[in-house]
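Peer 1: mind folding the following:
(3 chains)
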Amino acid sequence: MSKKHISTVINGDAMEFLASPEQSLLDILRDELELTGSKEGCGTGDCGACSIMLDGRLVCSCLVLGVEADGKNIDTIEGMGNGSDMHPLQKKFLEHAALQCGICTPGILIAAKALLEKKPDPTEEEVRYWLAGNLCRCTGYDKIVRAVLDTAADMRAA
Amino acid sequence: MEYFAPTQASEATALLKKEGAYVLAGGTDLLVKLKSRMLKPNVVIDLKALPKIKAIEKTTSGWWIGAATPCAEITEHEELTKEWPGVCEALGLIGSTQIQGRASLGGNLCNASPAADSVPAVIAANTICVIATENGEREDLVENIVLSPGVTSLKPGEFILGFKLPRSQGRSGDSYLRLIPRTEMDIAVVGVGVSLSLDKAGNLETIRVCLGAVAPRQVLLPDLQKTCIGKQPSEELVQTLVELARKACSPINDKRGTVDYRTTVAGVLTKRAFKIALERAQAK
Amino acid sequence: MNDMTQTNLQKDLKIVGTRPLRPDGADKVTGRALFGADKSLPNMLVGRVLRSPHAHAKIISIDTKAAEALPGVKAVITSKDFQDLPSEFVPAGEMMVNFKDMTRNIMAREKVLYEGHTVAAVAAINDAIAEEAMALIKVEYELLPHVMDVEEAEKPNAPLLHDDMITIGVEPAPKKPSNVAKRVEFGFGDLDKGFKEADLIIEKKFSTQPVHQGYIEPHACLASVSEDGQGELWVTTQGPFVVRNFCSKILGMSTSQIRVTASEIGGGFGGKTVIYLEPLALALSRKACRPVKMVMSRQEVLMASGPTSGAKIWVKIGVKKDGRITAGDAVLKFQAGAFQGSPIGPGAMCAFAPYEMTNVRVVGYDIVVNRPKVAAYRAPGGPISEYAVESVMDEIAQKLNLDPLELRLKNAAKEGTQAPYGPKLGPIGMIETLEAAKAHPHYSAPLGPNQGRGVASGFWFNIGGETCTSININEDGTVGLTLGTPDIGGSRASMAMMAAEELGVPMSTIRPIIGDTSSLGFNFLTGGSRVTFSSGMAVVESVREIIVELRKRAAQLWDVSIEKVEWVSGHARLVGSENPKSLSLRELAEAAGKTGGPIVGGASINATGAGPSLATHIVDVEVDPETGRTTVLRYTAIQDAGKAIHPSYVEGQMQGGAVQGIGWALNEEYVYDDNGKLLNPGFLDYRVPVCSDVPMIDTVIVEVPNPKHPYGVRGVGETPIVPPLAAVSNAVSRATNIRFNELPLSPPRVLAAIESR
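Peer 2: Below is the predicted model of the structure:
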């Protein structure tokens, strides 16, 4: 039951924490580091609300052990913007009203950002399949997909 | 629970012999079981620090895929996906984008679910797995690993290091199709992997068809040697395959499908997957 | 209540009807917004719930001694920690709740009535110890036979859930108890005569499965009761005032002893209008004298909260050759779950409500079964009953070779129509949505093989209710607006827009917040599509009131009577003076100290006059004839919003409701084993639609103003889930040429029908 000392870089800052082996990275982020922007909707990797980037890979933080994060780079919703300047996706989500309750929004933004970094010109179908692991019960996905496609177009033009 | 991330296979095999020890690869099955308290391990052994366990390498005889390589890395590998499109499509169907970032071929196999998406495709592809043992390594065919739901043929202390996918040469093609109620995020109700090759005349030279989720373990269709080899692919041959597939089914009724449904759809998907694999082979 | 019939519809609107950014937007896209599980307190404990493994059992004994003795355990509670309460009905959303039942639902007393029913709760210093403690609680059960289906449950020899349940609404009252809690009946006219006049009669049975609201945020709360009995509760809820009142009743605390603060809410759809964890967390905190946080797992959410009713429905409709309905008759049997209170009333009332009926009857039964007690779900009852009626309407159209929209137009309810549930309808947009559907390019687009197009209409009442808001003019002339209805999908924006429009100032000067239960008078919950309507009315009234105050202050500064001051574009102006004098809101605010102190106002109303919202949806599907899988190809939702304050969020409601309805129609269902245990308590096998399952959802907002709202608003949130069930089913029926009458239309069910065709 002894805790392990873990060193990570979270949103660009070196951060250390103690993790019990059974704690998920999501539990660490939320309960130990007070980074509550990542949400737990299921705890089983089915809803995507806890999506983060782990060494540049999109993952569900509920399916990663905290102890596995040692030496790794973690990016969460809290680090998505650049200081006071929000990421283009964040701005577009607001413009398009691509959120209602907002609980799925952090995970979807992280996932969408990962998509645009990999594929700057996705089709509607590619956006939909990429985001299939991010459940949203409010919007019916329409405005989310539009916001992602619109951001992609803007970012390509920029 | 104790956590170890050994850097040597021998260390890992020794740890694995401890009471209540479980292997952690991508964690997409293990962590779900931890969360639901289905498993209460004493020891978790994270394999990802072992050499070559997260590698994809082209070898003289084919491909090496490390057991803990995330699916996303495999499906992003251009040369591999070109050579084995069916295997890579199957891997690409496991869970969401997020799951793809962690889930692995080794994990998908050793979770020993009859519905695992990657397994019928790699069995159809005649894949061999390399197993770490107390005394070094041994090899076995993938189809010999899963015995029944949750049970594998691996002995205490053993774990899979990686997979040897053969070279796909000549006019060969493979495919994997599954049926799920939604478009994503479901467990296969039926899955079918097909791998075949054609001779110069366009007749079937080799064919392997493997079904998932229709029996306690994956089913490699028997007797294809005499029914298919040397024959011209025809509607009649397809119909024979469909019937063989349905005959090979011994599914259960559960929350994901009925016996009748699974049996019927196994035939439908066999037909469709065969046609895709055939087209791929013919295109070469 | 003041005169709200004066509408602003003719006015040139500057803000209402535009699409500004929502005031809470930045918080929600940066992870800063705090939801139910996001808050912690120093010295906090973790609360966990021990749940029944059985569908139906008598509780013989509960021994908590070992759990209490475990180091780190600070409190253990069972039903002994709650007083019993008499049977008493109170409204909650569009449903009624009963305190005798409620106290038994939050903590089982004599019996457990469904798998997942709470039997005890533990507070400990961490989750691992709480879990260990739960394993140490010994519960002795005597297993009882269980019943899951309404038609089984109503049989005379069925296992009885409540031995004192005498059916309400039957004359004379039955002598023996049964599982039938209530019978309702609505209608008028002469059915026999109506059916005799008919050229075609279609009669059919339907069944639907219970479905969960599926909010992504599980139930969560953080309670802190101090040694002097003062309680604080942070909770994700649609109704903080309702939670406060329910908890005070359950816990025997006074209303003022519990201050409830609504967190941001991660979806509710009706499911967060009742209490589950809240009284447990308060009771544990009261016992331990420390803060207690409780969060449900997804498994607990699916096992023990929500859903809405599964149902069996019988419908009979008679029509003339030209499609005119001569009579409609229906019997609805709704699962209530373990306690009475399915949405059978509203379900029965709106079954035929889109139509002008001359002879109509709907009989409904509320039936208890060994499943979790149902909670409201978006237009509770409406989707179920209207699915059946709209399916029969589609079959009639096919049989008479009529266009399904024309058939509906021929029978459409309009202003003055007597609704099947009694009253005469005001202006409604049924005809307008049908006309818009007919004119939409989707309706005339070509279809390919194995494809089908379905249409269906839907009706929902919408409600008003008790509401109050307060408004403060800050010292710099900006505005603080305090609302009592949690913002579940952008209502801060529409409230600020209406306030800005009324006051004649930019929306950015208004800061809307959701107040806690100590900062405002009672507000009924966010539900019944009532927020933009009722809270909007209260906002408009409070702004109008504060404008009077502002004019008074200006009059004082100018030393004239208030009649000489008018309010124009955010300024006080002197009427008819040669040198037009004017004072801005800022100037008035800065001078407030000289004119009587802070400028504050508020309004308290019981909003009436909510207008029903009608919708018509069009959907194209393709069915794979070999696997039975249905793909939704195209979807158009058309709805009467009355007036769309913020059209983007109105469209969002229409799109979200449509997709929830698609899930209900195609794949969502509960799978129980023979022992009444839920086999799919997770998002893996409880299949809500994912992004790749659906196409873009086109929307057309129709505006038939509600004359009872200052801007013509109708509620819009619930209606969109009413048409999709029948629209999808009709589309699948037309694609396969098989009439379907069971949901969900999962691939095995559709394939079985195709194969036996």
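Peer 1: near chain B, which residues of chain A?
Peer 2: By CB under 8 Å from any CB of the partner chain, the residues of chain A that approach chain B are A:1, A:4, A:20-22, A:24, A:43-46, A:48, A:51, A:54, A:57-60, A:62-65, A:67-68, A:111, A:114-115, A:129-134. For the C-beta atoms, the positions are set from N, CA and C on the backbone; glycine is no exception.
Peer 1: give me the buried entries from these.
Peer 2: The neighbour-count test (16 or more other CB atoms under 10 Å in any protein chain shown) marks A:4, A:20-22, A:24, A:43-46, A:48, A:51, A:54, A:57-60, A:62-65, A:67-68, A:111, A:114-115, A:129-134 as buried among the residues of chain A next to chain B.
Peer 1: in helices only, show me these.
Peer 2: If you go by DSSP state H, these have A:111, A:114, A:115, A:129, A:130 in helices.
Peer 1: report the two of those residues separated the most.
Peer 2: Largest separation among these by CB to CB: A:114 and A:129, giving 13.3 Å.
Peer 1: which of the residues of chain A next to chain B are close to chain C?
Peer 2: Counting by CB under 8 Å from any CB, A:43, A:44, A:46, A:129, A:131, A:132, A:133, A:134 from those sit close to chain C.
Peer 1: and the residues you listed as JSON lines, adding distance to residue C:671 and pLDDT?
Peer 2: Output for these, formatted as JSON lines (distance: CB to CB, whole Å; pLDDT from 0 to 100):
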{"residue": "A:43", "distance to residue C:671": "20", "pLDDT": "97"}
{"residue": "A:44", "distance to residue C:671": "17", "pLDDT": "97"}
{"residue": "A:46", "distance to residue C:671": "16", "pLDDT": "98"}
{"residue": "A:129", "distance to residue C:671": "26", "pLDDT": "98"}
{"residue": "A:131", "distance to residue C:671": "27", "pLDDT": "98"}
{"residue": "A:132", "distance to residue C:671": "22", "pLDDT": "98"}
{"residue": "A:133", "distance to residue C:671": "22", "pLDDT": "98"}
{"residue": "A:134", "distance to residue C:671": "24", "pLDDT": "98"}
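Peer 1: how many neighbours does the residue of the stretch 101-250 of chain B found nearest chain A have?
Peer 2: When you check the stretch 101-250 of chain B against chain A by CB to the nearest CB, the closest residue turns out to be residue B:184, at 3.5 Å. Burial measure for residue B:184: 19 neighbouring residues, criterion other CB atoms under 10 Å in any protein chain shown.
Peer 1: please apply the same query to residue C:746.
Peer 2: The tally of other residues near residue C:746 (other CB under 10 Å) stands at 23.
Peer 1: so what pLDDT did it get?
Peer 2: Looking at residue C:746, its pLDDT reads 97.
Peer 1: which one among the ones next to chain C among the residues of chain A next to chain B gets closest to residue C:256?
Peer 2: Nearest to residue C:256 among those: residue A:43, at 37.1 Å, using CB to CB.
Peer 1: what is the rounded mean pLDDT of whatever helix or strand residue B:32 lives in?
Peer 2: Per DSSP states H and E, residue B:32 falls inside helix B:30-35. The average pLDDT for helix B:30-35 rounds to 95.
Peer 1: export it as CSV, just CAs?
Peer 2: Below are the C-alpha coordinates for helix B:30-35, written out as CSV (Å, rounded to 0.1, in the frame of the first residue of the first chain):
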residue,chain,number,x,y,z
LEU,B,30,-7.2,-4.3,-16.4
LEU,B,31,-8.2,-0.9,-15.1
VAL,B,32,-11.8,-1.6,-15.8
LYS,B,33,-11.6,-4.8,-13.8
LEU,B,34,-9.8,-3.0,-11.0
LYS,B,35,-12.5,-0.3,-10.9
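Peer 1: could I get the buried residue list for that helix?
Peer 2: Result for helix B:30-35 [16+ other CB under 10 Å]: buried residues B:30, B:31, B:32, B:33, B:34, B:35.
Peer 1: which ones, among the residues you listed, also lie beside chain A?
Peer 2: Near chain A, judged by CB under 8 Å from any CB, the entries from the buried residues of helix B:30-35 are B:31, B:32, B:34, B:35.
Peer 1: need the max-distance pair from those residues.
Peer 2: B:32 and B:34 (7.3 Å).
Peer 1: in space, what's closest to residue C:193 - neighbours in sequence excluded?
Peer 2: residue C:359 (6.5 Å; CB to CB, 6 or more residues apart in numbering or on different chains).
Peer 1: what about that neighbour, neighbour count?
Peer 2: Neighbours around residue C:359, by other CB under 10 Å: 21.
Peer 1: list the residues that contact it.
Peer 2: C:188, C:189, C:190, C:191, C:193, C:194, C:195, C:326, C:327, C:328 (CB atoms under 8 Å, 6 or more residues apart in numbering or on different chains).
Peer 1: what about it, distance to residue A:138?
Peer 2: Using CB to CB, to the nearest Å, residue C:359 is found at 40 Å from residue A:138.
Peer 1: what's the separation between the nearest residue to residue C:149 once chain neighbours are set aside and chain B?
Peer 2: Counting by CB to CB, 6+ apart, residue C:369 is the residue found nearest to residue C:149 once chain neighbours are left out, at 6.8 Å. As for residue C:369, its distance to chain B is 19 Å (criterion: CB to the nearest CB, to the nearest Å).
Peer 1: how about the helices in the stretch 651-757 of chain C?
Peer 2: Counting by DSSP state H, counting those that start in this stretch, the stretch 651-757 of chain C has helices at residues C:724-736, C:747-755.
Peer 1: would you turn those into JSON lines with mean neighbour count and distance to chain A?
Peer 2: Putting the helices of the stretch 651-757 of chain C into JSON lines (neighbours: other CB atoms under 10 Å in any protein chain shown; distance: least, CB to the nearest CB, whole Å) gives the following:
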{"stretch": "helix C:724-736", "mean neighbour count": "28", "distance to chain A": "10"}
{"stretch": "helix C:747-755", "mean neighbour count": "19", "distance to chain A": "18"}
